[in-house]
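Have a look at this fold, sequence not included:
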């Protein structure tokens, strides 16, 4: 009987319990996912105008791009001018503390920019900025 207990004790010492290590790995994974800042893109690349007084905005919840021909892009989707406000309201509801950045092309029509600014005001956005090149 004593020999049998020694054999079981020896086999127990040789096993490595991975459960605590897996718990730590999963907790770290959840931590990095929650704290990661995801890059938001409007959907198209635009040639932004130059400005001398550009400054970085820390919290942005809505990014709108206006193309050269006046097409409006939000969340990698081309948006009709009539539904811009609904899209802005939806994104602003997800993060009410964030602001809005408009990336308008240098050759974009002013009417498209005015349409987006009017929709932003109607959606209750108070922090609106126009993206520029420095």
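Yes, it's here. Note that the structure is predicted; figures quoted are calculated from it, not measured.

Quick check: end-to-end length of stretch 72-83?
One end of stretch 72-83 sits 10 Å from the other (CA to CA, to the nearest Å).

mind listing what's buried in that stretch?
72-74, 79 (16 or more other CB atoms under 10 Å). Glycine gets a C-beta too; all of them are placed from N, C-alpha and C.

among the helices and strands of the protein, which one scores worst on average pLDDT?
helix 2-14 (a mean of 57; mean pLDDT, DSSP states H and E).

Following it in sequence, what is the next regular element?
As assigned by DSSP states H and E, the chain's next helix or strand after helix 2-14 is helix 19-35.

That following helix: how far from the chain's middle?
With CA atoms, centre = their mean, to the nearest Å as the basis, helix 19-35 stands 22 Å off its chain's centre.

Contact partners for residue 19?
Not one residue lies near residue 19 by CB atoms under 8 Å, 6 or more residues apart in numbering.

what about stretch 96-110, average pLDDT?
Mean per-residue pLDDT for stretch 96-110: 85.

now the end-to-end length of that stretch.
27 Å.

do stretch 63-82 as well
Span of stretch 63-82 from end to end, CA to CA: 17 Å.

Check the offset of that stretch from the chain's centre.
From the chain centre to the centre of stretch 63-82 is a distance of 17 Å (CA atoms, centre = their mean).

Show me the contact partners of that stretch.
So stretch 63-82 is contacted by 40-44, 46-47, 62, 84, 87-88, 91, 100-105, 107-109, 111-113, 115-116 (CB under 8 Å, 6+ apart).

hmm, try it at 7 Å
40-44, 46, 84, 87, 100-105, 107-109, 112-113, 115-116 (CB atoms under 7 Å, 6 or more residues apart in numbering).

can you count the residues close to residue 44?
Residues near residue 44, counting by other CB atoms under 10 Å, number 16.

Good, we can wrap up now.
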